[in-house]
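Q: Sharing a model prediction with you, sequence too.
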Amino acid sequence: MWKKLKKNTEFKYALICILFSAIFLLWLIPAYTPSSTIAGDISSAALPNAMMLIILLCGIVMLVRCLLAEAVRGSTAAAAGGGGTEAARDSKAEAAVGEYADEAANGRPARLLLVLVCVLAYLLALNGIGFYLTTILVLPLAVRFYNRSLGWGKILLSSAVLLLFIYVLFEMGLSVKMPRGIFF
C-alpha cells in the first residue's frame, strides 16, 4: 500500500501542504508578525493564520481521500479475485492510477517542494539580507524557473523595473520602510 502511495501525486501534495502550513503556523507566523498595540484590535497574524489553517485542512482532506481511495482500491482488488468483468474494471482503475504515477514521474511534487523551500528561504533571508538585495537575487531565478524561454536580459530588466516601482510606491509614496538587512 505504501509503495503505491509513494507514487501517488495527490498524496505527495497533501503531505507538502500539511508540512508547509505547519511550518508557517507553528514557527514563521508567530516569530515574524508583531502583536497589535491597539487594545481590542485583532492581531496582524489573523489573516495569515486563517490562510494557513485552510491550507492545512485542505492537505488533511487530500490525505484522507488518498488513504481511503487506496483502501477501497485494495479491498476491490482482493474481492475481485480474478473475475472477468471485475478484472477488466480493475485494470481500468490501475491505468488511471498509472496516469498519476506518470505525473509523479514528471517531478511535479518535487518542483512544488523546491518552490516552497525557496519561498521559505526567501522569507528567512528578508530580515538578514534585506528586501531589495534578496528580491534582486531571487526574482530573476524564480522567473527563469517558471519560464525558460524568456531571455536573461528581459528577466533582469523586468526585475529591476519591478523593484524600482516597489521602491517608488512604498518607500517614497507611502513612507513604508522595507527590511534593510545588514548591508544597508
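A: On my side now, so go ahead.
Q: mind showing which ranges of the chain have poor pLDDT?
A: For the chain, residues meeting the criterion pLDDT under 70 lie at 1-7, 36, 41-42, 74-109, 184.
Q: just the helices in it please.
A: Assigned by DSSP state H, the helices in the chain fall at 2-7, 9-23, 29-32, 46-80, 84-105, 108-129, 131-146, 152-166.
Q: would TSV of those with distance to residue 40 and mean neighbour count be doable?
A: Quick note: C-beta positions are derived from backbone N, CA and C, even for glycine. Listed next are the helices of the chain as TSV, based on distance: least, CB to CB, whole Å; neighbours: other CB atoms under 10 Å:
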stretch	distance to residue 40	mean neighbour count
helix 2-7	47	12
helix 9-23	28	19
helix 29-32	21	13
helix 46-80	13	14
helix 84-105	49	12
helix 108-129	29	15
helix 131-146	31	16
helix 152-166	33	13
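Q: mind giving me a markdown table with these and columns for distance to residue 173?
A: Output for the helices of the chain, formatted as a markdown table (distance: least, CB to CB, whole Å):
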| stretch | distance to residue 173 |
| --- | --- |
| helix 2-7 | 51 |
| helix 9-23 | 33 |
| helix 29-32 | 24 |
| helix 46-80 | 23 |
| helix 84-105 | 45 |
| helix 108-129 | 21 |
| helix 131-146 | 16 |
| helix 152-166 | 10 |
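Q: So for residue 177, which of these sits nearest?
A: helix 131-146 (9.3 Å; CB to CB).
Q: Against which helices or strands is the closest one packed?
A: helix 108-129, helix 152-166 (3 or more CB pairs under 8 Å, 6 or more residues apart in numbering; DSSP states H and E).
Q: Spatially central residue for the protein, please.
A: The chain has residue 116 as the residue nearest its centroid, 4.6 Å off, counting by CA atoms, centre = their mean.
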